[in-house]
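Engineer: Show me the folded form of this:
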Amino acid sequence: MKREQAGKAIAYLRVSTDKQGRSGLGLEAQREAVARFAQASGLTIAGEYLEVETGKGSNALAKRPQLLAALTEAKRTKAKLVLAKLDRLARNVHFISGLMETGVDFAVADMPNADRFQLHLYAALAEKEAEVISQRTKAALAAAKDRGQVLGKHGKVLAARNREEAVERLRPIASALRELRNTGMNMRAMVGALNERGVPSPAGGKWHLANLHRAMKRLAEAA
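Structural biologist: All right, here's what the predicted structure looks like:
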């Protein structure tokens with residue numbers, strides 16, 4: 001009796017800020033959610049695409065090269081595109097609708113039973129939530145400005161201090177990063193080499209693409 005071949009899944013992960021990277025919306029949490037969904041659905045994860053850039057607005061798809069690559073691969077291999085949470089894709093109804101029109105089958109790990117209509121509805125609610133938060137933030141900033149409060153000063157000082165601390169944590173491993181970079185390795189190969197050598201990340205854990213991108217960017221800025 002011929003065994004039925006398992007379906008394939010393409011994982012799409014996105015981390016847009018350092019804060020999200022440290023939270024429950026971080027890379028590892030997303031990866032685990034996608035893995036659980038794939039296992040429960042009898043799917044084999046055939047590829048993973050990581051987006052580390054922010055893409056906002058109605059043309060956000062054009063700003064997401066990894067998402068475009070994931071969609072292309074999913075269409076080519078007839079695989080299901082799987083992401084951890086809908087807002088890891090976009091809080092924009094037009095964007096979600098455009099994705100649906102690509103013809104690629106996709107699923108959201110934390111809403112495994114949601115159909116296309118429900119996903120569209122959740123996207124509309126997420127867009128409205130983002131709009132309300134933005135309006136409240138603008139109103140609060142306007143009220144503070146009316147009271148004569150100087151905006152942004154403390155934030156700039158704190159940001160500068162955080163950058164200095166981040167660069168300081170990089171100093172013990174800067175030589176290893178430069179050595180690997182000078183070999184011409186791509187980022188994924190560098191992640192493997194650093195973890196194989198036991199070189200700790202700035203936070204003291206394992207390396208992955210997101211924290212390596214941040215580390216290399218800070219190293220370049222400090223040069």
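Engineer: For the chain, which segments count as helices?
Structural biologist: In the chain, the helices defined using DSSP state H lie at 18-22, 27-41, 65-77, 93-100, 116-146, 153-170, 174-182, 187-197, 209-222.
Engineer: Out of the ones you listed, the one nearest Val108 is which?
Structural biologist: helix 116-146 (6.7 Å; Cβ to Cβ). Every C-beta, even on glycine, is put in place using the N, C-alpha and C of the backbone.
Engineer: pLDDT of that closest one, averaged?
Structural biologist: Averaged over helix 116-146, pLDDT sits at 72.
Engineer: Ranking helices and strands of the protein by mean pLDDT, which lands last?
Structural biologist: helix 18-22 (a mean of 49; mean pLDDT, DSSP states H and E).
Engineer: quick revisit: pipe the helices of the chain into JSON lines and attach mean neighbour count and distance to Ile10 per row.
Structural biologist: Output for the helices of the chain, formatted as JSON lines (neighbours: other Cβ atoms under 10 Å; distance: least, Cβ to Cβ, whole Å):
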{"stretch": "helix 18-22", "mean neighbour count": "14", "distance to Ile10": "21"}
{"stretch": "helix 27-41", "mean neighbour count": "17", "distance to Ile10": "10"}
{"stretch": "helix 65-77", "mean neighbour count": "17", "distance to Ile10": "4"}
{"stretch": "helix 93-100", "mean neighbour count": "17", "distance to Ile10": "13"}
{"stretch": "helix 116-146", "mean neighbour count": "13", "distance to Ile10": "17"}
{"stretch": "helix 153-170", "mean neighbour count": "12", "distance to Ile10": "32"}
{"stretch": "helix 174-182", "mean neighbour count": "13", "distance to Ile10": "28"}
{"stretch": "helix 187-197", "mean neighbour count": "15", "distance to Ile10": "16"}
{"stretch": "helix 209-222", "mean neighbour count": "17", "distance to Ile10": "16"}
